[in-house]
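Chemist: Build me a model:
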Amino acid sequence: MKKFLLGLGIFIIVSLISLFAANASIVINISGVIGLIGIVVAGFLKTGFSGRNSSPLGNSAIIELDEKLNLSSTLFLIALPNLLGSLLLLLFFK
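Modeler: Presented below is the predicted three-dimensional model:
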């Protein structure tokens, strides 16, 4: 829950910067990029983009490090509110 709130905090900070600049595209672009990159990197760390019969994309050291630090879940939870907020703003302002 703390990681999700961290991602929400990042989205709120970017939204405030966008509000002071009076430009909604800033929050859509920055939060969208944070969300997309975070989810893609989390997927690669979790080897979620490989099939059942293929070998994992990462080597075993990266997979073990991810299991120890739980980095893929952290990145996913930080990126999720940014991506959702960016998509919602895109639907309302475009």
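Chemist: all contacts plus neighbour counts: C-alpha atoms, from now on.
Modeler: Will do.
Chemist: if I pick the nearest residue to residue 31 once chain neighbours are set aside, what's in contact with it?
Modeler: Closest residue to residue 31 apart from its sequence neighbours, by C-alpha to C-alpha, 6 or more residues apart in numbering: residue 82 at 4.9 Å. Residue 82 makes contacts with 7-8, 10-11, 31-32, 34-35, as judged by C-alpha atoms under 8 Å, 6 or more residues apart in numbering.
Chemist: cutoff 10 Å now
Modeler: Residue 82 makes contact with 4, 7-12, 14, 27-28, 30-36, 38, 88, according to C-alpha atoms under 10 Å, 6 or more residues apart in numbering.
Chemist: Just the buried subset of those, please.
Modeler: Buried members of the contacts of residue 82, scored by 16 or more other C-alpha atoms under 10 Å, are 4, 7-8, 10-12, 14, 27-28, 30-36, 38.
Chemist: Helices - which of these land there?
Modeler: Applying DSSP state H to these, the entries found in helices are 4, 7-8, 10-12, 14, 27-28, 30-36, 38.
Chemist: quick one: low-confidence ranges for this structure?
Modeler: Along the chain, the model assigns pLDDT under 70 to residues 47-61, 94.
Chemist: Near residue 69, how many other residues are there?
Modeler: Neighbour count for residue 69, taken as other C-alpha atoms under 10 Å: 10.
Chemist: Revised request: answer the last question for residue 66.
Modeler: Neighbour count for residue 66, taken as other C-alpha under 10 Å: 16.
Chemist: What helix or strand is residue 68 located in?
Modeler: helix 60-69 (DSSP states H and E).
Chemist: pretty sure residue 2 is touching residue 73, no?
Modeler: No. Assessed by C-alpha atoms under 10 Å, residue 2 is found out of contact with residue 73, at 11.9 Å.
Chemist: And these two? Which one has more around it.
Modeler: Neighbours were counted for residue 2 and for residue 73 using other C-alpha under 10 Å; residue 73 has more, 19 against 10.
Chemist: ok, now which ones touch that one?
Modeler: So residue 73 contacts 3, 38-39, 42-43, 45-46, 66-67, 79 (C-alpha under 10 Å, 6+ apart).
Chemist: Now list the buried members of those.
Modeler: Neighbour counting by 16+ other C-alpha under 10 Å classes 38-39, 42-43, 45-46, 66, 79 among those as buried.
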